[in-house]
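Q: Model the following, please.
(chains A, B, C and D)
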There are 2 protein chains.
Amino acid sequence: MKAVSKSQIKRDALLKATICLVNNNGFHATPMSKIAKMANVSPATIYLYFKNKQDLANQAYIEVKSSFSNCAFKDFEPNMGVEEGFKKIWMNIATFKLKEVDHAMFLSQCDNTPMIDEESRQEGLKHLQPLIALWERGKEEGLVKPFSPFILYAFTVYPISFLLNTEMKGWCKVDKPALERAYSAAWDAIKL
Amino acid sequence: MKAVSKSQIKRDALLKATICLVNNNGFHATPMSKIAKMANVSPATIYLYFKNKQDLANQAYIEVKSSFSNCAFKDFEPNMGVEEGFKKIWMNIATFKLKEVDHAMFLSQCDNTPMIDEESRQEGLKHLQPLIALWERGKEEGLVKPFSPFILYAFTVYPISFLLNTEMKGWCKVDKPALERAYSAAWDAIKL
DNA sequence: CATTAAAAAATGAACGTTCATTCTTTTTTT
DNA sequence: AAAAAAAGAATGAACGTTCATTTTTTAATG
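A: As a prediction, the model looks like this:
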């Protein structure tokens, strides 16, 4: 049983409210007053936990990005076979995006708009290192195309966001078989 | 020589300013006064051309999306071979995104935030029909995996946006060889 | 355990600014 | 000279943030 301080609860409520409202209205169209209301807190209270609105967004971003990375590498061992490890990571990421829809949408918005400080964005980028290392090994072993990590990422992980978006809009359903099909596309895109 | 009316010029200047400022600051952080200033126009004048700020954004979106579609299907003939036609369209889209960076960034922001009306977004979606039809034929001819158009799009066209983003941030350079590598990943992802 | 006073946390109202939009007047075109 | 287009100033609402005050928590004392 983990002890969770009262102020940690409020902080979390504020971050959660921020994510929810920003997803629905965008960052600048989300007033602090509404964030406060959703978190059952006075507007002034926000400033006990965060320096200002920008800081609130940055911290939400970092928090979500880090929970994303935790999921991504669950049960992954660096000494796994390349394809096995890649499938594990890919499925972890897909599962995260499909289960934690709010978090995934928030990240997508942060990554495609100027709402987050460049510094915080850099911070969130570090986490992918193990995947890049895995790809490097895959190249050495002749299993993965000798492409830059950017291209490999663009054609394997990034497409998952699109599938999530279309599912969110109700345009398609991403069930287990669809996920397997998507994975096969991802692996075919980069395998030698 | 196409005759361009004076008011058309102002309208275009306003749309261009909108795209530029929204790319750099986001929609809600872009004041009408700045759009007016960049277009060399009084704030009040904007309202002669657009109903309000939202209308300005919607029209910018529709305009850019349609210019995108025009590029996408340049020199494409519906009776082309499937792989040939696909490569043509894919390269057209990639070229558009790399050349018309402002437009591409604007679309990316529109598609990943709630800044555009759902109605206008639907409007912009129609244009991809020829590509979907090509994929259908590819499936019939046993050349393309029998996947939904969403998955096919996610693993071929959508990744281009990521490469554009990383290039914009100066993290990588997308030159001709890189483009060929990316294309091969796209085709491998969906070919049977 | 009850009391209480100091400290910490939280609040609602208020402030100053910014913004989208409109109104009245001026300039340009016909 | 009438009509159309454009302008700048004005308006009212909304926002981020701060301030003065109240409420809650803490911990020391009898």
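Q: Which phi and psi values does the closest residue to residue A:107 other than its chain neighbours adopt?
A: Closest residue to residue A:107 apart from its sequence neighbours, by C-beta to C-beta, 6 or more residues apart in numbering or on different chains: residue A:64 at 5.9 Å. (Glycine included, C-beta is placed from N, CA and C.) For residue A:64, the backbone dihedrals are phi -70, psi -40 (criterion: degrees, to the nearest 10).
Q: Within the helices and strands, which one has residue A:156?
A: Taking DSSP states H and E as the definition, one finds residue A:156 inside no helix or strand.
Q: quick one on the thing from earlier: touching, the residue nearest to residue A:107 and residue A:108? I think so.
A: No. Using C-beta atoms under 8 Å, residue A:64 makes no contact with residue A:108, being 10.7 Å away.
Q: From DNA strand C, how far off is residue A:52?
A: 13 Å (C-beta to the nearest atom of the strand, to the nearest Å).
Q: Could you list the low-pLDDT ranges of chain A?
A: Scanning chain A with the threshold set as pLDDT under 70 gives A:1-6.
Q: Output the set of residues of it in proximity to DNA strand D.
A: Taking C-beta under 7 Å from any atom of the strand, the part of chain A that reaches DNA strand D is made up of A:28, A:30, A:31, A:32, A:33, A:43, A:44, A:46, A:47, A:52, A:53, A:54.
Q: Now do the fifth one: how many residues are near it, please.
A: Read it as residue A:33. Neighbour count of residue A:33, defined by other C-beta atoms under 10 Å in any protein chain shown: 11.
Q: tell me the domain boundaries of chain A?
A: A:1-50, A:61-190 (automatic domain parsing).
Q: ranking those domains by burial, who's on top?
A: Mean neighbour count (mean count of other C-beta atoms under 10 Å in any protein chain shown) peaks for domain A:61-190 among these, with a mean of 18.
Q: doesn't residue B:150 make contact with residue A:166?
A: Yes. Between residue A:166 and residue B:150 there is a contact under C-beta under 8 Å: 5.0 Å.
Q: Now for the two: what residues contact both?
A: residue A:172 (C-beta atoms under 8 Å, 6 or more residues apart in numbering or on different chains).
Q: quick one: contacts for residue A:100?
A: Per C-beta under 8 Å, 6+ apart, neighbours of residue A:100: A:67, A:68, A:71.
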